[in-house]
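**Q** generate a structure from the sequence data that follows.
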Amino acid sequence: MTKVVSTFSAKGGTGTSVMTVNLAVYLAQKGKKVLLVDAAPNGGTLHTYLNIPSWEVSHAVPDFFSILPLIDTDYPNLKFFSSLRSPQKGVGVSEYLVKWETELKKGAFDIMLIDMGSHLDHDLVATAQLSDFNILF
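**A** Got it, this is the predicted structure:
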């Protein structure tokens, strides 16, 4: 069963993305299968910390978790998905977690880390409620 961990901050510049990437790399090095998801509303910067070129970032968000276009990283056991914020207005991270609930329970990954970025809105609160753990920076 995949554990969902969301990270966020109410203020920008607190190091949320840096700490989330470091946590993901650490867990992957410890042998956990980790999916790192960039859900920052500004488009996110996690790909830069992982040496992934901007042209390679994910744009489409499928309705089924098992067909996410994941990006390989330089770290074994660590996969990456960027741009979880849908270009369609009204579709939030929490809605995707509800859609993917059954598949997440099957457990292709041990941990799914979601970087929600630095903002406070309804979607962040809903995502925090659906997550197994939350880290506030």
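
**Q** ramachandran angles for residue 34?
**A** Residue 34 has phi and psi values of phi -120, psi 140 when expressed as degrees, to the nearest 10.

**Q** which residue ranges of the chain form strands?
**A** 3-9, 34-38, 71-72, 78-81, 111-118, 133-136 (DSSP state E).

**Q** most packed of those strands?
**A** Most buried of the strands of the chain by mean neighbour count (mean count of other CB atoms under 10 Å) is strand 34-38; its value is a mean of 27. C-beta here means a position set from N, CA and C on the backbone, and glycine is covered the same way.

**Q** that one: partners in the sheet, and parallel or antiparallel?
**A** Its sheet considered, strand 34-38 pairs with strand 78-81 (parallel), strand 111-118 (parallel) by DSSP bridges.

**Q** need the strands of the chain in a markdown table (columns: distance to residue 16).
**A** Formatted as a markdown table, the entries for the strands of the chain read as follows, by distance: least, CB to CB, whole Å:
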| stretch | distance to residue 16 |
| --- | --- |
| strand 3-9 | 5 |
| strand 34-38 | 11 |
| strand 71-72 | 20 |
| strand 78-81 | 16 |
| strand 111-118 | 6 |
| strand 133-136 | 8 |
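
**Q** turn the ones you listed into a markdown table, including distance to residue 48 and mean pLDDT.
**A** Formatted as a markdown table, those follow (distance: least, CB to CB, whole Å; pLDDT from 0 to 100):
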| stretch | distance to residue 48 | mean pLDDT |
| --- | --- | --- |
| strand 3-9 | 17 | 95 |
| strand 34-38 | 10 | 95 |
| strand 71-72 | 13 | 91 |
| strand 78-81 | 12 | 94 |
| strand 111-118 | 12 | 93 |
| strand 133-136 | 20 | 95 |
